[in-house]
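J.: give the three-dimensional model of this entry:
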Amino acid sequence: IYVNLLVVLSSLADFLIPEFNKLLAESFGHMGLRDSIMKIGGVIYLRPSGFVSDTNLTGLSIAFAMLLLLLNRRNFNKYFVYLFSILAGLSFGMLASRSALVTVSAFFVVAIALKFLHWKNVIAFILLFYAVQLITPQTQARMLQIFDNEIKEEELENGRPLVWKA
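T.: Have a look, this model is predicted:
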């Protein structure tokens, strides 16, 4: 969880501090603005991955840290839990990783169904985590893509289904 706090902070720094992004791209093979971007109306937004080289891996790492934190929340200061939730939600929203979002959502459902978590104790946490994602431009772009027929057709022709078929 503490290591992922560094991942979250590095992801936020990757987005907010251009020099940090440049350092990661030039010295560590970070994708930078080459591949990991989202567009809204012609404006390009970086999908920052921080110290991890791939946005989906960063998202999965944060997702698993969130899951561990929820399962062990009694062992942490409640302010740390909420601060981590807000920062991780912002970072997670900037990643706009569909696979990581599905992982977190599935965990919440399974954890509540199997009574690993009592839903009354985590509903604020879940709402907070998802709500802060909505303010990030990357999540907004991802949501707009859901309703853009041109993007859906392009993804079906050149996206993952083509890779899966191969």
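
J.: for this structure, what spans make up the helices?
T.: 2-16, 18-28, 55-71, 78-95, 98-113, 119-133, 137-146, 149-158, 160-165 (DSSP state H).

J.: closest one to Val43 among the ones you listed?
T.: helix 137-146 (7.8 Å; C-beta to C-beta). The way it works is simple: take the backbone N, C-alpha and C, and place the C-beta from them, glycine included.

J.: residues contacting the residue lying closest to His118 once chain neighbours are set aside?
T.: On the basis of C-beta to C-beta, 6 or more residues apart in numbering, the spatially nearest residue to His118 that is not a chain neighbour turns out to be Ile112, at 8.0 Å. For Ile112, the contacting residues are His118, Trp119, Val122, by C-beta atoms under 8 Å, 6 or more residues apart in numbering.

J.: highest neighbour count among those residues?
T.: Val122 (18 neighbours; other C-beta atoms under 10 Å).

J.: so what's that residue up against?
T.: Residues in contact with Val122, defined by C-beta under 8 Å, 6+ apart, are Leu70, Phe108, Ala111, Ile112.

J.: do Leu90 as well
T.: Leu90 neighbours (C-beta under 8 Å, 6+ apart): Leu12, Val132, Gln133, Ile135, Thr136.

J.: so what pLDDT did the residue lying closest to Phe15 once chain neighbours are set aside get?
T.: Closest residue to Phe15 apart from its sequence neighbours, by C-beta to C-beta, 6+ apart: Pro48 at 4.0 Å. Pro48 is assigned 83 on the pLDDT scale.
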